[in-house]
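Asks: for reference, the sequence and a predicted model appear below.
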Amino acid sequence: MKKRILASIVCVSMISWAQNLTTLAEKSGWLKTGRAEETEALCKGFAKKYPKRVRCKSYGETPEGRTLWYMNIRDASVKSSAPTVWIQAGIHAGEIDGKDAVFSLMKNVFEKKITPDPFTGLKVIFVPIVNLDGHERFGKWNRPNQIGPDEMGWRVTAQNYNMNRDFAKVDTSEMRDLNKLWNEHDPILSLDLHVTDGAHFQPEVGIITTPTENQGTGALHAAGTKYETELMQKLHYRGRQALPFYPSFLDDDKPTSGFARSVSPPRFANGYWYVRNRIGVLVESHSWKDYATRIKVHYDTVLSSLEIAQKYGADWTKQAREIDRQPLAGKKIDVAFKHTKKFKTIDFGGYKFSIAKSKISGGDVIRYFTDQPETWKVPFYEELAPTVSVTAPEKGYFIPASEMETIKAKLDMHGIKYEKWTQPLPDIVNVFRATKTQLSAGSFEGHQTMTLEGEWAQEKSEFPKTVFFVPIRQPNALIAVHLLEPLAPDSFVFWGLFNRFFEIKEYMEDYVAEDVAKKMLEDKTIEAEFNEKLKDDSFAKDPNKRFRFFYQKHSSWDTHYNRYPIMKL
Ligand SMILES: [Zn+2]
């Protein structure tokens, strides 16, 4: 009797564990998604049921006080040198397919419904919900351009940050905690699972790999291209309609404008991972496919990616670490890209559409007839060319101690090494002076961004009392260049961290300037230059410009105005 009771308890317990490892998504016929408690229960449940395969750990706490969980998936026999694959879902919490897809994949693999085991020989880190506070802002219509689940989380965090713009600037504590985990595990291949917005068409997923040989050459670019090529083949074999680019039209609502490849700057996950010398992948299931289809798309993409990592991950890890050791000193580095005008015409699975005048907006509105598939012949711009290039320093960057408070924590989070400079300081350094500055008209991610024109030039050095040095010879040199070069698209300058240095701080009263100018005009060279400038109408008609001409030449002029405080050697 006792034995029977024990057996039935074990049996009930097994059933309950098996049930616990089934997501609400699966139980609801792929119509719903579970809440944060379910993710925590599944994380712990998998670890309890498969202790030799899964560990469930916390990696931080959200601003609203929720515990962030990740799963460390590896079998006991895996070597410590095995390649690591990173999978993250729900950075935009309304786009939550990846969470349910990976739980489903894990369950099927551990129940041996999939052979060979795609996790074997790999170390896999799975973060089921990156934006956890956003995930719990749960409701219908949080994603108005998306089919299902019935209710879902919200795009941004409790602090209203879009985490997929935060990889370079790191404003959020969630990103700081994620970065710590990423630094600790050093994945070679990282997948960021999303859902698109946009038009109606037949393809089910766009997958953007960074880098590929479309953007440059090198072992990592070759690895990215190999990954992309094999992934497309595997997804085709699995019956998926996949694209190796983001399927947004070049001109909104104009299907005939076609598509282009692009390179994300490091504010985005895949762009960031690339500047850390690793392969980053953005997976975007198509929002107008139902939740069941989208989960299958993510399931197949993750499964295929693991299979590819099993094949090449060890070699790619070795190559990436070799790239970490290659010196960037003095090299030209392309930091922003755009597609060229070269295109090929592709067949694209679209739908019949019409464009008509809207009675609501008065503008054009596109209508898709999704019951009438048709093939669009559209341009595809595949070739990429650099639009901004910078030169890495020969030795490194000097940061005044007074600026370390602003950026120290960020350098630490990115794993960028620096030291207090104790050697004799050089007499000549490179200084960046802006010739044109442009602040953004509005706020972007809580920042007033700054774009500059200008260049580095050698100047007699003017060092503060204490200075720190970021050597260029270090594994994270490429991200250091992206953050510290003022012209790079996600530099600290762009994000407005140094706006103070591009503001006028002292001024000369006009009546003082009047007298100063009269005195200065006694110098024939200045007089000639002034007369030459007066030929320009916009100068001649602007009293401020005319006064500024003299003020800038006067000894009271602030020589630090428009001077970037970080120097390079
Ligand atoms: Zn997204």
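Replies: Cool, the structure landed.

Asks: so what's the residue in the stretch 351-500 of the chain that the ion sits nearest to closest to, chain neighbours aside?
Replies: With Cβ to the ion as the measure, Glu445 is the residue of the stretch 351-500 of the chain nearest to the ion, at 14.7 Å. Heads up, the C-betas are built off the backbone N, CA and C, glycines and all. Spatial nearest neighbour of Glu445, excluding adjacent residues (Cβ to Cβ, 6 or more residues apart in numbering): Arg165 at 5.2 Å.

Asks: also Ile366?
Replies: Asp253 (4.6 Å).

Asks: wait, is the one you found part of a strand?
Replies: No - looking at Asp253 with DSSP: H, G, I helix; E, B strand; the rest coil, it is coil, so not inside a strand.

Asks: rewinding a little: who are the contact partners of the residue nearest to Glu445?
Replies: Arg165 is in contact with Arg267, Phe268, Glu445, counting by Cβ atoms under 8 Å, 6 or more residues apart in numbering.

Asks: how far away is it from Gly446?
Replies: 10 Å (Cβ to Cβ, to the nearest Å).

Asks: now, which of the contacts of Arg165 sits nearest Phe549?
Replies: Phe549 has its nearest neighbour among those in Glu445, at 37.7 Å by Cβ to Cβ.

Asks: what's the burial count for the closest one?
Replies: Look at Glu445: counted by other Cβ atoms under 10 Å, it has 18 neighbours.

Asks: so where do the helices sit in the stretch 1-150 of the chain?
Replies: 2-20, 24-27, 36-49, 97-110, 132-135 (DSSP state H, counting those that start in this stretch).

Asks: which of those has the lowest average pLDDT?
Replies: With a mean of 49, helix 2-20 has the lowest mean pLDDT of these.

Asks: do a quick rundown of the strands in the stretch 101-250 of the chain.
Replies: Using DSSP state E, counting those that start in this stretch, the strands of the stretch 101-250 of the chain run over 123-127, 189-195, 205-210, 242-243.

Asks: which one of the ones you listed is the most hemmed in?
Replies: strand 189-195 (a mean of 28; mean count of other Cβ atoms under 10 Å).

Asks: quick check: which ranges of the protein have low pLDDT?
Replies: By pLDDT under 70, the low-scoring segments of the chain are 1-19.

Asks: alongside the ion, which residues does this structure contribute?
Replies: His92, Glu95, His194 (Cβ under 5 Å from the ion).

Asks: what's the span of stretch 420-435 from first residue to last?
Replies: 31 Å (Cα to Cα, to the nearest Å).

Asks: in that stretch, what counts as buried?
Replies: Trp421, Val429, Asn430, Val431, Phe432, Arg433, Ala434 (16 or more other Cβ atoms under 10 Å).

Asks: same thing with stretch 243-257?
Replies: In stretch 243-257, counting by 16+ other Cβ under 10 Å, buried: Leu243, Pro244, Phe245, Tyr246, Pro247, Ser248, Phe249, Pro255.

Asks: now the stretch 201-350 of the chain against the ion: closest residue?
Replies: Checked against the ion (Cβ to the ion), the nearest residue in the stretch 201-350 of the chain is Glu284, 7.1 Å away.

Asks: against which helices or strands is whichever helix or strand that residue is part of packed?
Replies: Take DSSP states H and E as the rule and Glu284 turns out to sit in strand 279-285. Here strand 279-285 touches strand 189-195, strand 205-210, helix 219-237, helix 269-275, helix 291-325, going by 3 or more Cβ pairs under 8 Å, 6 or more residues apart in numbering; DSSP states H and E.

Asks: ok, and what's touching that strand?
Replies: Counting by Cβ under 8 Å, 6+ apart, 97-98, 188-196, 204-211, 220, 223-224, 227, 246-247, 264, 268-274, 294, 297-298, 301, 305, 316, 320 sit against strand 279-285.

Asks: from the ion, how far out is the closest residue to Ala314 other than its chain neighbours?
Replies: Excluding its sequence neighbours, the residue lying closest to Ala314 (Cβ to Cβ, 6+ apart) is Pro83, at 5.3 Å. Taking Cβ to the ion, to the nearest Å as the measure, Pro83 falls 26 Å from the ion.

Asks: which element follows the host helix or strand of Arg433 toward the C-terminus?
Replies: Assigning secondary structure by DSSP H and E places Arg433 in strand 428-439. Per DSSP H and E, the first helix or strand lying C-terminal to strand 428-439 is strand 450-460.

Asks: domain parsing for this protein?
Replies: 23-326, 387-504+562-568, 510-553 (automatic domain parsing).

Asks: using TSV, lay out the strands of the stretch 101-250 of the chain together with distance to Ala517.
Replies: Converted to TSV, these look like this (distance: least, Cβ to Cβ, whole Å):
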stretch	distance to Ala517
strand 123-127	63
strand 189-195	58
strand 205-210	54
strand 242-243	63
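
Asks: for stretch 373-391, buried residues please.
Replies: Applying 16+ other Cβ under 10 Å to stretch 373-391 flags Trp376, Val378, Pro379, Phe380, Tyr381, Glu382, Leu384, Val390, Thr391 as buried.

Asks: most packed of the domains of the chain?
Replies: domain 23-326 (a mean of 20).

Asks: for that domain, measure first residue to last.
Replies: 45 Å.

Asks: could you check how far that domain is from the centre of its chain?
Replies: Put simply, domain 23-326 sits 13 Å off its chain's centre (Cα atoms, centre = their mean, to the nearest Å).

Asks: the chain should start at 97 in everything you say after this.
Replies: Sure, I'll start numbering at 97, so the last one becomes domain 119-422.

Asks: as JSON lines, the domains of the chain with distance to Ile451 would be great.
Replies: JSON lines is the format used below for the domains of the chain (distance: least, Cβ to Cβ, whole Å):
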{"stretch": "domain 119-422", "distance to Ile451": "8"}
{"stretch": "domain 483-600+658-664", "distance to Ile451": "30"}
{"stretch": "domain 606-649", "distance to Ile451": "42"}
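
Asks: for the chain, longest strand please?
Replies: Longest among the strand segments of the chain by residue count, using DSSP state E, is strand 460-477.

Asks: which strands or helices does that one pack on?
Replies: Short answer (3+ Cβ pairs under 8 Å, 6+ apart): strand 460-477 packs on strand 355-356, strand 440-453.

Asks: so which of these is the most surrounded?
Replies: Highest mean neighbour count among these (mean count of other Cβ under 10 Å): strand 355-356, a mean of 22.

Asks: contact partners of that strand?
Replies: 339, 341-346, 435, 442, 444, 474-478.

Asks: looking at those residues, spot the one nearest Lys265.
Replies: The closest of the contacts of strand 355-356, once distances to Lys265 are taken by Cβ to Cβ, is Tyr342, at 22.1 Å.

Asks: and the closest residue to the closest one other than its chain neighbours, what is it in contact with?
Replies: Using Cβ to Cβ, 6+ apart and skipping residues adjacent in sequence, the residue nearest Tyr342 is Gly302, 4.8 Å away. When contacts are counted by Cβ under 8 Å, 6+ apart, Gly302 touches Thr292, Ala338, Leu339, Pro340, Phe341, Tyr342, Pro343, Glu380, His382.

Asks: quick one: the residue nearest to Ala410 and Arg421, what's the gap?
Replies: Taking Cβ to Cβ, one finds Pro179 at 18 Å from Arg421.

Asks: Ser454: how many residues sit nearby?
Replies: Using other Cβ under 10 Å: Ser454 sits among 12 other residues.

Asks: ok, now which ones touch it?
Replies: Asp460, Val461.

Asks: ok, 10 Å please
Replies: With contact taken as Cβ atoms under 10 Å, 6 or more residues apart in numbering, Ser454 is in contact with Asp460, Val461, Ile462, Arg463.

Asks: buried among the residues you listed? Make that a ChimeraX selection.
Replies: Provided next is the ChimeraX selection string for whichever of the contacts of Ser454 are buried by 16+ other Cβ under 10 Å:
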select :462
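
Asks: would TSV of the contacts of Gly302 with distance to Thr502 be doable?
Replies: Below are the contacts of Gly302 laid out as TSV (distance: Cβ to Cβ, whole Å):
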residue	distance to Thr502
Thr292	36
Ala338	42
Leu339	41
Pro340	39
Phe341	37
Tyr342	33
Pro343	39
Glu380	34
His382	41
